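> Sequence first, then the predicted structure:
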Number of protein chains: 2
Amino acid sequence: MTSERKQFTKRDIFETMPPGKVKIIEALKSLLEIKEYDAITTAEIARTAGVSEPLIYKHFKDKRDLLYVVLRHYLDRHLARFELDLKGINGTLNKLRRLIWMHINVYASNRIIAKLLSLVVRGMPGFYTSETYDWIVTVYAKTVLNVIEEGIANGEIRNDIPPKFIRQVLLGSLEHICLREVIFDKDIDPDELTDNLCKLLFRGIENTNGPTGGQT
Amino acid sequence: MTSERKQFTKRDIFETMPPGKVKIIEALKSLLEIKEYDAITTAEIARTAGVSEPLIYKHFKDKRDLLYVVLRHYLDRHLARFELDLKGINGTLNKLRRLIWMHINVYASNRIIAKLLSLVVRGMPGFYTSETYDWIVTVYAKTVLNVIEEGIANGEIRNDIPPKFIRQVLLGSLEHICLREVIFDKDIDPDELTDNLCKLLFRGIENTNGPTGGQT
DNA sequence: AAAGACGGGTGAGTAATACTCACTCACCAA
DNA sequence: TTGGTGAGTGAGTATTACTCACCCGTCTTT
């Protein structure tokens, strides 16, 4: 009987929400499947949700604010697995490879997420002060950084480049190698991209002073 | 007397333009200095230019189309130098270093360009079918690719990764290492960033089978 | 020189759309 | 009973990108 203790998942979040709010979120989600954000009007969202337009503004600051919440819902299930999925893997570079593959795979299998992150919210000034942004940084970017720092500490990764810089290069590369296919809706091959990226980056970041105890 | 032959520069372009068009372009440019694109209205542009609003639509398809033209004007003087500036340098990696430094330096010294490229036009679907985009690809992206391919041919760069992939990683890294500072208007240090990026990437892309004659 | 095409330029207007105001209704606490 | 609170709405508004019909001067054509 004491088995479930904390397990706060998406389901709980939805259950404590007023039904109208849930309907609005789901409405925007379903509209994003068929057209891009800028082409979706608030009237359309309300109509699809079966609620009145002002209700959107009762629950969300803006149309954009609503988008940030929707983006978070989309990312939720993916990001939840990220940390766990790294647990079983030993070796920093193996963890990084796994991370890279997962990132690309999310973009490959969910174009809405890819488009929102690479093209839409990126240009919205308010995004960088939103809860969703904070959450992504905490859950994802920090995880990546931890892996890199761990690699530096155990001597697998060179220590003459700031870890945050390495992360920037990694994340920038990830986004850019998918960008063309995201924009033009072409297929993405996670395996091939992962291979090439690892080939290139790993040789750039690995510690050449010997595999272990490479502390200067 | 036969000294000047082709020399078509910005000045010529402007001179063959109707004065209203020039005024509109200059108006948007000066407005971009003080506020972001989305906050600028067409009425404001017309007022600043001292022309009527419909004239904008006589000369440009949209407000966005105008932005693309303005972006091209901004980039014009910078990109014109790119190819020339590489001429004197020998060694592919040295050329790449120079290229990297120049790219970062443009972002560091011209925040409007940086913001437009990284945040604004990136999310506009129409941009990727605009003349400006074609032009950037031709003048800049192709130059980068040529340098990389030259490096592969002469054995300085490894040949087991597609040159276009290397370019993607390079350009993605460049954009992403500046992104935070561009968004939050913080200073960018081109020298430091160039050093770190070259340290990381060069080891990743250089050919380890010997410096010359590395053709497989 | 008349006709007319053409390009730059404008005054007045319009459709669309994100967002607001004032309000109702149901529920719950004191 | 009263009053507060939060979900929800009908009607409205300000803003804004964009358009229509039109004017005028300058070339070209016959």
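Good, I have the coordinates. Numbers count the residues shown, from 1 in each chain, chains lettered A, B, ... in the order given.
> a strand runs through residue A:90, doesn't it?
No - assigned with DSSP: H, G, I helix; E, B strand; the rest coil, residue A:90 falls outside any strand and is coil.
> Count the neighbours of the closest residue to residue A:44 other than its chain neighbours for me.
Of all residues beyond its chain neighbours, the one nearest residue A:44 is residue A:31 (6.5 Å), with distances taken as Cβ to Cβ, 6 or more residues apart in numbering or on different chains. C-betas here are computed from N, CA, C, even on glycine. Counted with other Cβ atoms under 10 Å in any protein chain shown, residues neighbouring residue A:31 total 20.
> what's the answer for residue A:114, then?
So residue A:114, with other Cβ under 10 Å, has 21 neighbours.
> Which element, helix or strand, includes it?
For residue A:114, the host element (DSSP states H and E) is helix A:111-115.
> biggest helix in chain A by residues?
Determined from DSSP state H, the single longest helix within chain A is helix A:63-87.
> Next, the buried residues of that one.
Buried positions in helix A:63-87, judged by neighbour count with 16 or more other Cβ atoms under 10 Å in any protein chain shown: A:64-75, A:78-79, A:82, A:86.
> Residues contacting that helix, please?
With contacts defined as Cβ atoms under 8 Å, 6 or more residues apart in numbering or on different chains, helix A:63-87 is touched by A:10, A:24-25, A:28-29, A:32, A:37, A:42, A:45, A:56, A:59-60, A:95, A:98-99, A:102, A:106, A:110, A:112-113, A:116-117, A:120-121, A:124, A:126-127, A:130-133, A:135-136, A:139-140, A:143, A:147.
> now, which of these lie within strands?
Here DSSP state E is the test, and these give no hits in strands at all.
> among those, which ones are buried?
Of the members of the contacts of helix A:63-87, the ones counted as buried by neighbours, 16+ other Cβ under 10 Å, are A:24-25, A:28, A:32, A:37, A:42, A:45, A:56, A:59-60, A:95, A:98-99, A:102, A:106, A:112-113, A:116-117, A:120-121, A:124, A:127, A:130, A:132-133, A:135-136, A:140, A:143, A:147.
> that older thread, chain B next: which of the contacts of helix A:63-87 are close?
Judged by Cβ under 8 Å from any Cβ of the partner chain, the overlap between these and the neighbourhood of chain B comprises residue A:120.
> Tell me which entries of the contacts of helix A:63-87 lie within helices.
Among those, the ones falling in helices (DSSP H) are A:10, A:24-25, A:28-29, A:32, A:42, A:45, A:56, A:59, A:95, A:98-99, A:102, A:106, A:112-113, A:131-133, A:135-136, A:143, A:147.
> does DNA strand C sit close to the longest helix of chain A?
Yes - Helix A:63-87 lies within reach of DNA strand C by Cβ under 7 Å from any atom of the strand, at A:63, A:64.
> Pull the distance from that helix to the chain's centre.
Centre-to-centre, helix A:63-87 and its host chain are 6 Å apart (Cα atoms, centre = their mean, to the nearest Å).
> what about residue A:166, how many neighbours?
The number of residues packed around residue A:166, counting by other Cβ under 10 Å, is 24.
> ugh, wrong one, residue A:38
Using other Cβ under 10 Å, residue A:38 is surrounded by 10 other residues.
> just residue A:40 next, same as before
Residue A:40 is flanked by 18 other residues according to other Cβ under 10 Å.
> For the closest residue to DNA strand D within chain A, which residues are in contact?
DNA strand D sits closest to residue A:20 of chain A, with a gap of 2.4 Å, by Cβ to the nearest atom of the strand. The neighbourhood of residue A:20, defined by Cβ under 8 Å, 6+ apart, consists of A:49, A:51, A:55, A:58, A:59.
> From the opening residue of stretch A:103-120 to its closing one, how far?
Distance between the boundary residues of stretch A:103-120 (Cα to Cα, to the nearest Å) amounts to 18 Å.
> what mean pLDDT does that stretch have?
In this model, stretch A:103-120 has an average pLDDT of 98.
> So is that stretch next to DNA strand C?
No - for stretch A:103-120, no contact with DNA strand C is found by Cβ under 7 Å from any atom of the strand; the gap never falls below 13.5 Å.
> what comes into contact with that stretch?
With Cβ under 8 Å, 6+ apart as the criterion, stretch A:103-120 contacts A:32-33, A:36-38, A:67, A:71, A:74-75, A:78, A:174-175, A:177-179, A:182-183, A:185, A:187-190, A:193-194, B:122-123.
> What parts of chain A come near DNA strand D?
With Cβ under 7 Å from any atom of the strand as the criterion, chain A meets DNA strand D at residues A:18, A:19, A:20, A:21, A:51, A:52, A:53, A:54, A:55, A:58.
> among those residues, which are in helices?
Counted as lying in helices by DSSP H, out of the residues of chain A next to DNA strand D, are A:19, A:20, A:21, A:53, A:54, A:55, A:58.
> If you rank these by neighbours, which is first?
With neighbours defined as other Cβ under 10 Å, the most crowded of these is residue A:21; it has 19 neighbours.
> Run a quick check on that residue versus residue A:59, I expect a contact.
Yes - in this structure, residue A:21 sits in contact with residue A:59. The criterion is Cβ atoms under 8 Å, and the distance is 4.5 Å.
> Could you list the low-pLDDT ranges of chain A?
Where chain A drops to pLDDT under 70, the residues are A:1-13, A:15, A:210-216.
> domains for it, by residue range?
When chain A is parsed into structural domains using automatic domain parsing, the resulting residue ranges are A:1-59, A:69-205.
> do the first one and DNA strand C meet at all?
To tie it back to what came earlier, the one meant is domain A:1-59. Yes - using Cβ under 7 Å from any atom of the strand, domain A:1-59 reaches DNA strand C at A:40, A:41, A:42, A:43, A:53, A:54, A:57.
> Most widely separated two among the residues you listed?
A:40 and A:54 (17.3 Å; Cβ to Cβ).
> distance of residue A:137 from residue B:200?
Separation of residue A:137 from residue B:200 (Cβ to Cβ, to the nearest Å): 22 Å.
> swap in residue A:174?
Between residue A:174 and residue B:200 the distance, using Cβ to Cβ, works out to 15 Å.
> In JSON lines, list the domains of chain A along with distance to residue B:165.
Formatted as JSON lines, the entries for the domains of chain A read as follows, by distance: least, Cβ to Cβ, whole Å:
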{"stretch": "domain A:1-59", "distance to residue B:165": "28"}
{"stretch": "domain A:69-205", "distance to residue B:165": "5"}
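> Ok, which of those domains comes nearest residue B:208?
Between residue B:208 and these, the shortest gap by Cβ to Cβ is with domain A:69-205, which sits at 8.2 Å.
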